[in-house]
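Colleague: Here is a sequence together with a model predicted from it:
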Amino acid sequence: MNLIKQPNHWTCAAACVCMLTGTTLEEFYVYCGHDGSEDVQPTKKRPFGKRCFSCRELYGYLLSHDMTIGWGCVPGEGFDPRTQTLSVDLERLPALVDVMSVRPDVVHCVLWDGKRIIDPHFPENKLMPDDYTVIGWWPVTKLWPDDLMPLRQKP
């Protein structure tokens, strides 16, 4: 897997998706038709005023590379990571992981590769989920060709 460092504050999820698919951010931008930098709410501070990328763009890109998002686990109100665990087979499935950023009220996306966390802000660091406040876990699976048959057949 090629490590990708996010070039700005709004491309963490895009960088994670590109690492999973073995592609570049430039290829992702071409797929989406934009680079996420458009100021859609210019009065807000970065990255809040940027267009960023939608779940549809991120998931669509994964699907275009024969990958899909599995079930997600979003801990509810009162979730205490010290006493509760997420029931995910960490040894087997890569995952997109939503974590709290060091910046207040900001969610950040990192990648679980099955062994460690890869943070696109610091891709050279080898981190574990305990190093973050995890708020969402989205396993990614590779689809078998037979799984895609209905999507590829013409009506």
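Modeller: Yep, that arrived.
Colleague: where exactly do the strands run in the chain?
Modeller: Using DSSP state E, the strands of the chain run over residues 67-69, 95-100, 107-112, 117-118, 134-142.
Colleague: of those, which approaches T11 most closely?
Modeller: In terms of Cβ to Cβ, the element of those nearest to T11 is strand 107-112, at 9.3 Å. Where you see a C-beta, it was placed from the backbone N, CA and C, and this is true even at glycine.
Colleague: roughly how far apart are N125 and R103?
Modeller: 18 Å (Cβ to Cβ, to the nearest Å).
Colleague: Kindly report the same for M1.
Modeller: Distance from M1 to R103, by Cβ to Cβ: 26 Å.
Colleague: now swap in G36 and tell me
Modeller: G36 is 17 Å from R103, by Cβ to Cβ.
Colleague: Which one's more surrounded, these two?
Modeller: G36 (21 against 11; other Cβ atoms under 10 Å).
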